[in-house]
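A.B. asks: sequence and predicted model, in that order:
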Amino acid sequence: MATIIEVIDVYKKHPGHLRAMLSATRIEFSDPELVNEPVTVFSYDIPLQSSINLIRGIPNSFMGNATETIIANLTAYPDDKHLVAFNSPSGCMAIIRYLRDNGHLQQSEIKILCGASERSKNTTQEYFHELDSDHLPAKLNFVTSAYFTGFDLNESYHLISLSQNRGWRLLSESRIKQIAGISRTGLISHTIVHEYVITPEFETLLTKEELAKIARVQVAALNCMKSSFEKDPYLSKYTRTYLNNLLSSFDSTQNRYVRINEEVEFKVSFLNIDAVLEAQRVSLELYQKPEQLELKLTELGCQVTATEKRSELTITEETSSTDKSTEYQQIAEFLSTSEDLRELRDNIRSQQFNGAQLGIVNKCLFLLNYYEYGTFISLFAKLAKLKSPNKSINRLLTQHYLYLLPESNVLKQQAQVLFPLKDQLTKDIINKKINKLLQLYGITHTIKSENNTMSVLKLLVEVSKQGSVTTIHQHFPMSESITPYLPDRSDLSEADQGIVKSYMYSYVSSLI
């Protein structure tokens, strides 16, 4: 059987009148050999009408919104089957852990249908399942992109489509319709949970020409390595291994624009380029503003009921400390490759970070509007080399957001009222005051742990401790001497103060 790589070459060898490809999610080809392929569009005389409940929110609330939506469906329809479409095995597992740990379902009532790679199997563990009939195997079923197409289900169920603005987790309007069409007997209900991110950093997109240039550089580099290795008697034995490992590294960053043809030659992968262009389009046209997806689905004939929701439920995907260390070093390396903030913004589209990395990069981009570039990057790179850098870096970033706030900001005003200098406080009083301060600032989380209370306190004031008594010193200290560009912090806009508040909310959420 031909592989996916070989299929394209076989297709091209057939005359134009003796070949055809079928797609429910057609996009424009960038391949010069296919760009002029004749196209026939089949459509319904009377388009099918569908009702969609749309739940949207900001990134910090996406996983919470998704989990609460699933719980609401399970509670309202306990005797029905439910299908959750989410292109992230680790994300599916994070939701499942919460459902299981809080007694919503038993393990036997949940399955994940995903690709059969070792990585996917290791991630999904006992929940991994391969579909062996035209009926869903469990009460609650998660599917990733491996099951978005290519099979039909002869039963009705409640569908929840999750579209997260991270990597390849976004769903296009065509993909949403395609997933809904899997049920041949019709859906009982369809809910879409999505997030939107309004960020000017994503205005710069890679063009088809720029991607093709990157691909040609990859092809030239691989051919050069292949030629050099084959000339050496020792290295020639490992040529294929070396090159496959290099291609895998391209895959891991979702930055691979090269394929191998049936003659084992490196060629530009125009289908990969098409996928990146489509991902950029979807992100820009459907998820950069709250109302975009709703308008597009309405345009397609769907009856959409949209609601805005901000869950306070914190659902975290697990990664090992080793993985986190590697991820932070990748961010540091990316930050260091640009000379200034403008170049950094231009380069971000060529990177494929995971969700956690993208969140950190966006936070750095925000701070770099106000801090000296080289000094900030050096400090970040230093912390990224730590064995467990995430806490140190998150603390550093949060401390510098708060430093930027003007003295008129409610957090700064109330911090000075609740924690006057030289005041001596016990841990119980500190806990009560910290939670009161957070509520006054609009953060409704309650912190119970003494360690977590002190973590927040040390963002606000410098302290010394003797026995059970903590003494308050300088307000809003800087852990490192980085001078902001903003001499008068009262100039910090209301919008940027709102961003600082959302980042503080995220930091506190991570402590709960």
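C.D. replies: In hand now; what should we look at?
A.B. asks: from the middle of its chain, how far away would the biggest helix by length in the chain be?
C.D. replies: Ranked by number of residues, the top helix in the chain under DSSP state H is helix 208-231. Using C-alpha atoms, centre = their mean, to the nearest Å, the distance from the centre of helix 208-231 to the centre of the chain it belongs to is 29 Å.
A.B. asks: tell me what it is packed against?
C.D. replies: Using 3 or more C-beta pairs under 8 Å, 6 or more residues apart in numbering; DSSP states H and E, the elements in contact with helix 208-231 are helix 239-252, strand 258-260, strand 266-268, helix 270-286. All C-beta spots, glycine's among them, are computed from the backbone N, C-alpha and C.
A.B. asks: and the contacts of the last one?
C.D. replies: Contacts of helix 270-286 with the rest of the structure, by C-beta atoms under 8 Å, 6 or more residues apart in numbering, involve 8, 27-31, 34, 165, 168, 170-173, 202, 205-206, 208, 211-212, 215, 256-259, 292-293, 296, 349.
A.B. asks: and stretch 497-512, by the same measure?
C.D. replies: By C-beta under 8 Å, 6+ apart, stretch 497-512 touches 58, 60, 312, 314, 316, 359, 363, 366, 394, 397-398, 401-402, 404-406, 409, 411, 438, 441-443, 445, 447, 449, 452, 455-456, 459, 492.
A.B. asks: okay, and which of the residues you listed map to helices?
C.D. replies: Judged by DSSP H, helices contain the following of these: 359, 363, 366, 394, 397-398, 401-402, 404, 411, 438, 452, 455-456, 459.
A.B. asks: just the closest of these to residue 100, please.
C.D. replies: Set against residue 100, the nearest of those by C-beta to C-beta is residue 452 (24.7 Å).
A.B. asks: ok so, going back, quick check on the contacts of helix 270-286: which are buried?
C.D. replies: The neighbour count (16 or more other C-beta atoms under 10 Å) marks 8, 29-31, 34, 165, 170-173, 202, 206, 211-212, 215, 256-259, 292-293, 296, 349 as buried among the contacts of helix 270-286.
A.B. asks: would you map the strands across this structure?
C.D. replies: Applying DSSP state E to the chain gives strands spanning 51-57, 82-85, 110-113, 128-129, 140-143, 158-163, 189-195, 258-260, 266-268, 303-308, 424-425, 461-466, 469-475.
A.B. asks: ok, which of those comes nearest residue 370?
C.D. replies: Taking the strands of the chain one by one with C-beta to C-beta, strand 469-475 is closest: 19.0 Å.
A.B. asks: in terms of secondary structure, what does that closest one contact?
C.D. replies: Against strand 469-475 (3+ C-beta pairs under 8 Å, 6+ apart) you get helix 410-418, strand 424-425, helix 450-460, strand 461-466.
A.B. asks: next up, the contacts around residue 259.
C.D. replies: Counted by C-beta under 8 Å, 6+ apart, residue 259 has contacts 5, 8, 266, 267, 268, 269, 271, 272.
A.B. asks: by mean pLDDT, point me to the weakest helix or strand of the protein.
C.D. replies: Least confident helix or strand, the chain: helix 4-13 with a mean of 70, by mean pLDDT, DSSP states H and E.
A.B. asks: so where's the stretch 1-150 of the chain shaky on pLDDT?
C.D. replies: Residue ranges of the stretch 1-150 of the chain with pLDDT under 70: 1-6, 24-25, 44-49.
A.B. asks: and the helices in it, which stretches?
C.D. replies: Secondary structure of the stretch 1-150 of the chain (DSSP state H, counting those that start in this stretch): helices located at 4-13, 62-76, 89-101, 118-124.
A.B. asks: show residues contacting the third one.
C.D. replies: The contact list for helix 89-101 (C-beta under 8 Å, 6+ apart) reads 63, 66-67, 70-71, 84, 86, 105-107, 110, 112, 114, 120, 123-125, 127, 140, 142, 144, 162, 164, 169, 313, 315-319.
A.B. asks: ok, and for it, which residues are buried?
C.D. replies: Neighbour counts over helix 89-101 (16+ other C-beta under 10 Å) mark 89, 91, 92, 93, 94, 95, 96, 98, 99 as buried.
A.B. asks: what packs against the least confident helix or strand of the chain?
C.D. replies: strand 258-260.
A.B. asks: quickly run through the sheet partners of the strand it packs on, with directions.
C.D. replies: strand 266-268 (antiparallel) (DSSP bridges).
A.B. asks: now the strand it pairs with: average pLDDT?
C.D. replies: Strand 266-268 comes out with an average pLDDT of 88.
A.B. asks: quick one: it to chain centroid distance?
C.D. replies: Distance, centroid of strand 266-268 to centroid of chain: 29 Å (C-alpha atoms, centre = their mean).
A.B. asks: noted, bye for now.
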